[in-house]
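Participant: got a predicted structure here, sequence first:
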Amino acid sequence: MAKAVKTKDVKAVIAIDETNYKLIFGLKFLKEIGMLPNSSTDNTVAFSEMVGGIMEFDPFSLLKALKASLITYDDLDEKAIEEWFETTEQVDWLFENFTKFLESAPLTAKKTKQLMVYFKKAMAEMEIPEV
């Protein structure tokens, strides 16, 4: 049974086919979501769209981010990730925690925290309730 692994302090780990995979937010992750060296404007847009999509509960944004965070595992292919994503009961858990994972990773923390302030303010102004 596919499930996300929950611990007391919420670890960035999921289990696919009984194998635990730590979600990794390094350079491969950044490249996979569309960020490129020497392209700060495009990088800001790519990262903002992903984070905003996750905050708006867009499954495609979450899936893209999930695939990117698992890109370093050679034994895990896109099909297995999509099958897990479609059948897991942990999608809500991922939506609730993915931005927290990004806020705690060294290469994504500052930009994520900056975006979270902006998106929360924008949602409040549009009167979109946080879930």
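Facilitator: Sure, I can see it.

Participant: any idea of the mean pLDDT for stretch 58-68?
Facilitator: The average pLDDT for stretch 58-68 rounds to 97.

Participant: repeat that for stretch 107-123.
Facilitator: Mean per-residue pLDDT for stretch 107-123: 88.

Participant: which of the three states applies to residue 14?
Facilitator: The three-state label for residue 14, taken from DSSP: H, G, I helix; E, B strand; the rest coil, comes out as strand.

Participant: what about it, neighbour count?
Facilitator: By the criterion of other CB atoms under 10 Å, residue 14 has 25 neighbours. Where C-beta positions appear, they are placed from N, C-alpha and C, glycine not excepted.

Participant: surely it touches residue 84?
Facilitator: Yes - assessed by CB atoms under 8 Å, residue 14 is found in contact with residue 84 at 7.4 Å.

Participant: and the contacts of stretch 71-86?
Facilitator: Judged by CB atoms under 8 Å, 6 or more residues apart in numbering, the contacts made with stretch 71-86 from elsewhere in the structure are 2, 14, 16-17, 19, 21, 24, 26, 28-29, 32, 59, 63, 66-67, 70, 91.
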